[in-house]
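>>> give me a model of this one.
(one chain, ligands or ions: 1)
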Amino acid sequence: MTTLSFGSFFKRIIAGTAFNRYRQVFDRAGYAIMLIDNATNHFIKANRAASELFGYTEEEFRKMTPLDLSTETGEEPTLPGEKTEESLIRPARRKDGKIITIKVQTSILERFRISLISDVTEEYRIRRALELNEERLREAQRIGRFGWWEYRPETNRYIGSEEISRIYNDEPSNLSFTYQDNISYTHPEDRSYLITAIEDALEKKKESYSLTYRIITPNGKVKAIAVNSNVRYDENGRLLYRYGTCQDITETQKIMDDLIAARRQAEESDRLKTTFLANFSHEIRTPLNAMLGFLNILTSMDTTEKEKEEMVKLIEINSQRLLRLINDMIDMSRIESNSMEIKYTNIEINGFVNSMVSSFNHELEASGKKDLRLVPVVDKTKAAVYQYIDELRLSQIFSNLVSNAIKFTDQGEIKYGYRISRTDNRYSIVYFVTDTGQGIRPDRLDDIFLPFVQYWNEDTPKVQGAGLGLAICKRLAELMKGRIWVESLPGKGSSFLFSFNTPVMIE
Ligand code: ADP
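Coordinates of the predicted model:
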């Protein structure tokens, strides 16, 4: 029955023309029908269904207005008839006090209005419960940062809940993307892992699998996600669909990473403490003992002048060794406490390299290695080469590396200096110290830059040093926006290279 015919049907009832004929239809209707007088706002007619619905007789209805059926629950007191021919859902109170939910559709005639009312209490309760469940589910997904998704090969599309879209696009919407889109969302370093894992799961007909990898959102945010997937196949083993959950675990991952880093740091501190005590007691005691011994000889009566000269030289060498050790310790602790100050100036590199020649030659001489040569390398084709850098710290790096090269090379040559390279109109400088010494085993290359790490050949006695030199070089390079790395072949030699990301000027 359309609303219009519903209106005209009642017009006829009120007109009384066919009342008796229609009264039966009116009474037998499966929904409540009520007529209200517009002038008095009183009910004037109510069918049997209306009486059953509200619990009032037609007599009782006649003394009532629609307001008597409303509740005091604070709901909007919309009365039937306020909105013409539009249905509205509202609570109502039955005679026995029970609150029910009714759907009211009202038509206005000239002097009357007619309401068609049905009881939607149960339907409304179920709908509300569903809505509430949906709301709770949505809220749980938002709080837990996880969503559901489904992928079907025939459409090549992923569909997912609102939260999936928030994870992938930083905003809620109904996400739908292809397998290829999914790969391009994935962090480039994790793409092959994802592709291989999915292919592997499908090939082995796995029913479920879990993956953790990174994605990049269109805003450039990198997120870590944990994906749990279930897979369904048809009887021929062909993929029907995959579905599962996806959770944003960026924060959890960060906490885990921080914890792992903290643990590593604690282990490292522990290692440093132990090695520090072992190394330093030896490193400090050895030169001090030597110096005390030489002083004793020096003061004894029967020491010749030549022997005295020799002793003074040895005392000087040992005090230098002690001083270097103490300086290294002070530098290391300054770097560790972030109080190492870097003073940038434009230094001229050719002059700088040449200025180091005499002191390095002196050191080589003192080592007594006759078959070893030191070769400074500068770019002679350039009149002047400048880099914005801390001169003192740069010379400290060179000095540590050249000392090591002398220590670990018996014959051949040690080249130290720099090379200029040019990319995209930009000059950069790579500094190096290259030797023809014993070299470093590949498995040791990673940790020689750690503090207190030292290696020496099993067949040669321990060389002096506390294992701080390379660690200081690395930290100094990093402090000057640079890095240091090593290339080495055991038995052939080592090249320590370092560069800084600071301005270079060439004349
Ligand atoms: P130290 O101050 O005791 O020399 P470093 O940190 O400078 O400590 O060096 C750590 C370790 O790296 C050394 O014990 C050695 O095994 C290795 N190493 C450093 N430089 C060289 C080199 N030029 N040739 C071979 N091994 C080297």
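
>>> neighbours of A405, how many?
By other CB atoms under 10 Å, 26 other residues sit near A405. No exception for glycine: its C-beta is placed from N, CA and C like everyone else's.

>>> with the one 5 residues further on instead?
The burial metric for D410, expressed as a neighbour count using other CB under 10 Å, is 14.

>>> list the contacts of it.
369, 371-372, 437-438 (CB atoms under 8 Å, 6 or more residues apart in numbering).

>>> also G412?
371-373, 435-437, 493.

>>> tell me the bridge partners for it.
L372 (DSSP bridges).

>>> mind checking pLDDT for it?
On pLDDT, G412 comes in at 96.

>>> hang on, the earlier thing: from the contacts of G412, which two are the most distant?
Based on CB to CB, the longest span within the contacts of G412 runs between D371 and G493 and measures 14.1 Å.

>>> residues in this protein within reach of the ligand, list them.
Proximity of the chain to the ligand (CB under 6 Å from any ligand atom) is limited to residues 404-405, 408, 435, 437-440, 448, 453-456, 465-471, 494.

>>> now intersect the residues you listed with the strands, please.
S494 (DSSP state E).

>>> buried ones only from the residues of the chain next to the ligand, please, as a PyMOL command.
Per 16 or more other CB atoms under 10 Å, the buried members of those correspond to this PyMOL selection:
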select buried, resi 404+405+408+435+437+438+439+440+448+453+454+465+466+467+468+469+470+471+494
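
>>> about what we covered before: among the contacts of G412, name the buried ones.
For these, buried by 16+ other CB under 10 Å: 372, 435-437, 493.

>>> as TSV, those residues with distance to I216 would be great.
As requested, the buried ones among the contacts of G412 are arranged in TSV below (distance: CB to CB, whole Å):
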residue	distance to I216
L372	52
D435	44
T436	46
G437	45
G493	42
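
>>> dump those to a markdown table, plus pLDDT.
Output for the buried ones among the contacts of G412, formatted as a markdown table (pLDDT from 0 to 100):
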| residue | pLDDT |
| --- | --- |
| L372 | 95 |
| D435 | 97 |
| T436 | 96 |
| G437 | 94 |
| G493 | 95 |
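
>>> of the residues of the chain next to the ligand, which belong to helices?
Assigned to helices by DSSP state H, the following of the residues of the chain next to the ligand qualify: 404-405, 408, 469-471.

>>> give me the neighbour count for whatever residue of the stretch 1-150 of the chain ends up closest to the ligand.
Among the residues of the stretch 1-150 of the chain, R145 lies closest to the ligand, at 44.8 Å counting by CB to the nearest ligand atom. Neighbour count of R145, defined by other CB under 10 Å: 18.

>>> list phi and psi for it.
phi 50, psi 50 (degrees, to the nearest 10).

>>> quick revisit: which of the buried ones among the contacts of G412 sits closest to R214?
Of all the buried ones among the contacts of G412, R214 sits closest to G493, with 40.0 Å by CB to CB.

>>> does that closest one touch I440 like I think?
No: with contact defined as CB atoms under 8 Å, G493 does not reach I440; the gap is 9.5 Å.

>>> before we move on, back to that, want to throw the contacts of D410 into TSV with distance to H42?
Formatted as TSV, the entries for the contacts of D410 read as follows, by distance: CB to CB, whole Å:
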residue	distance to H42
K369	120
D371	123
L372	119
G437	112
Q438	112
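
>>> OK, now which residue of the stretch 51-200 of the chain is nearest to the ligand?
E189 (30.4 Å).

>>> quick one: contacts for that residue?
Per CB under 8 Å, 6+ apart, neighbours of E189: R214.

>>> helix, strand, or coil at it?
helix (DSSP: H, G, I helix; E, B strand; the rest coil).

>>> would you map the helices across the stretch 101-250 of the chain?
121-144, 162-169, 179-185, 191-203, 250-299 (DSSP state H, counting those that start in this stretch).

>>> just name the most buried of these.
Among those, helix 162-169 has the highest mean neighbour count (mean count of other CB atoms under 10 Å), at a mean of 22.

>>> could you give the angle of it to helix 121-144?
When axes from the mean of the first three to the mean of the last three CA atoms, to 10 degrees is applied, the directions of helix 162-169 and helix 121-144 differ by 30 degrees.

>>> off-centre distance for helix 162-169?
16 Å (CA atoms, centre = their mean, to the nearest Å).

>>> give the other helices and strands that it contacts.
Using 3 or more CB pairs under 8 Å, 6 or more residues apart in numbering; DSSP states H and E, the elements in contact with helix 162-169 are helix 121-144, strand 146-152, strand 239-248.

>>> can you tell me what sits against that helix?
Residues outside helix 162-169 that contact it (CB under 8 Å, 6+ apart): 138, 141-142, 145-149, 171-175, 177, 185, 215, 217-218, 223, 225, 246, 248.

>>> how much space between N219 and E171?
9 Å (CB to CB, to the nearest Å).

>>> what of T40?
From T40 to E171 the distance is 55 Å (CB to CB).

>>> do T286 as well
Distance from T286 to E171, by CB to CB: 66 Å.

>>> now which of the contacts of helix 162-169 would you call buried?
Counted by 16+ other CB under 10 Å, the contacts of helix 162-169 give 141, 145-149, 172, 175, 177, 185, 215, 223, 225, 246, 248 as buried.
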